[in-house]
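**Q** this one's sequence-less:
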């Protein structure tokens, strides 16, 4: 009897706790990745205060604000999708995941136009116009492109995660009693939101 | 012993998420408003303080950290401490190098 039980436990081995822990450990490596960039930002802002202020005037605060709202809202729908899954409301959970993806697209489309306008004005890494500017402004835009670019890459990866989750829900690999992958994808998504919480004031709100 | 962590699922209600979301939007509004006022060096201090408050709510509620084991909290503490050490040593080094 006990050996049978043991075999059964072996067969359906799963460890949601360990799974979440692994995700958190990964998120800390992300903290170090972005943290390093934030430190570079901090030092250069400290050494080139005036030029950072001047360069930041070029950014569109409204676009930044819309993207902040989009990410905060998508974070909420991602978190809610777990509640829906826990309550067994799979349809609603899927709807909330689609909403999260929708907000991610709002973010990316905004970013596309924002970068497009900058590039159109000749402000992109290595451009003649940018290189003619003072050092501080070159540093500011270099950091702007690297940090928001790396962040947007995370948004894209987050969307891929959620599409994968939707597929697994359809295949019933994710169920109301078994949803740690949804939790981990949501954790990843919240990290993307967390980083933006700091990027927004640091790049868009220097006046 | 170590694998005796209890997997009691804590369900956060939709309404609670809406409250957190409204709070986060309000804090965003405050950051944008404050940035328009010239407070010198305080502007960045206030902006980072509000960003930290927002992070606190995202971490605890959206990311369910409030309902996780102590080990997870110890992890976060260690990670943030590491980041803080990197940050402060960089500035320390910088201020002596000048």
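**A** On my side now, so go ahead. Everything quoted here is computed from the prediction, not taken from an experiment. Numbering: from 1, shown residues only, chains lettered A, B, ... in the order given.
**Q** Would you map the helices across chain B?
**A** For chain B, the helices defined by DSSP state H occupy B:14-36, B:42-57, B:70-97.
**Q** other SSEs contacting the last one?
**A** Yep, that's helix B:70-97 we're talking about. Contact partners of helix B:70-97 among helices and strands, from 3 or more Cβ pairs under 8 Å, 6 or more residues apart in numbering or on different chains; DSSP states H and E: helix A:16-47. For every residue, glycine as well, the C-beta is placed using N, CA and C.
**Q** Equivalent analysis for the second one, please.
**A** Contact partners of helix B:42-57 among helices and strands, from 3+ Cβ pairs under 8 Å, 6+ apart: helix A:180-199, helix B:14-36.
**Q** which one of those helices lies closest to residue B:65?
**A** The closest of the helices and strands packed on helix B:42-57 to residue B:65 is helix A:180-199. By Cβ to Cβ, the value is 9.8 Å.
**Q** could you check the angle helix A:16-47 makes with the closest one?
**A** 10 degrees (axes from the mean of the first three to the mean of the last three Cα atoms, to 10 degrees).
**Q** Contacts (any at all) between chain B and helix A:180-199?
**A** Yes: using Cβ under 8 Å from any Cβ of the partner chain, we find that helix A:180-199 touches chain B at A:183, A:186-187, A:190, A:193-194, A:197-198.
**Q** That helix relative to helix B:14-36, how many degrees between them?
**A** On the basis of the same axes, to 10 degrees, helix A:180-199 is oriented at 20 degrees to helix B:14-36.
**Q** Tell me which residues touch residue A:56, please.
**A** A:140, A:203-207 (Cβ atoms under 8 Å, 6 or more residues apart in numbering or on different chains).
**Q** repeat that with 7 Å
**A** By Cβ atoms under 7 Å, 6 or more residues apart in numbering or on different chains, residue A:56 lies in contact with A:140, A:203, A:206.
**Q** mind putting the helices of chain B in CSV, mean neighbour count and mean pLDDT included?
**A** As requested, the helices of chain B are arranged in CSV below (neighbours: other Cβ atoms under 10 Å in any protein chain shown; pLDDT from 0 to 100):
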stretch, mean neighbour count, mean pLDDT
helix B:14-36, 16, 95
helix B:42-57, 17, 92
helix B:70-97, 12, 88
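**Q** Tell me if I am right that residue A:124 is in a strand.
**A** No: Residue A:124 sits outside any strand when classified using DSSP: H, G, I helix; E, B strand; the rest coil, being coil.
**Q** ok now do it, which residues does it touch?
**A** Taking Cβ under 7 Å, 6+ apart, we find residue A:124 in contact with A:118, A:130.
**Q** hang on, the earlier thing: columns distance to residue A:169 on top of the contacts of residue A:56, output as TSV?
**A** Formatted as TSV, the contacts of residue A:56 follow (distance: Cβ to Cβ, whole Å):
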residue	distance to residue A:169
A:140	43
A:203	36
A:206	42
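**Q** Helices of chain A, residue ranges please.
**A** Here chain A has its helices, by DSSP H, at A:2-11, A:16-47, A:49-56, A:61-86, A:90-120, A:128-131, A:135-170, A:180-199.
**Q** so can I have a markdown table of those helices showing mean pLDDT?
**A** Shown next, in a markdown table, are the helices of chain A (pLDDT from 0 to 100):
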| stretch | mean pLDDT |
| --- | --- |
| helix A:2-11 | 53 |
| helix A:16-47 | 94 |
| helix A:49-56 | 93 |
| helix A:61-86 | 97 |
| helix A:90-120 | 97 |
| helix A:128-131 | 92 |
| helix A:135-170 | 97 |
| helix A:180-199 | 97 |
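**Q** Mind checking the ones you listed for the one nearest to residue B:80?
**A** Here helix A:16-47 is closest among the helices of chain A (Cβ to Cβ), at 7.8 Å.
**Q** between the contacts of residue A:56, which is closest to residue A:156?
**A** Relative to residue A:156, the closest of these is residue A:203; by Cβ to Cβ it sits at 19.4 Å.
**Q** residues near the closest residue to the closest one other than its chain neighbours, how many?
**A** Nearest residue to residue A:203, sequence neighbours excluded (Cβ to Cβ, 6 or more residues apart in numbering or on different chains): residue A:144, at 5.7 Å. For residue A:144, the count of nearby residues is 23 (other Cβ atoms under 10 Å in any protein chain shown).
**Q** do the one 3 residues further on as well
**A** Using other Cβ under 10 Å as the criterion, residue A:147 is surrounded by 20 other residues.
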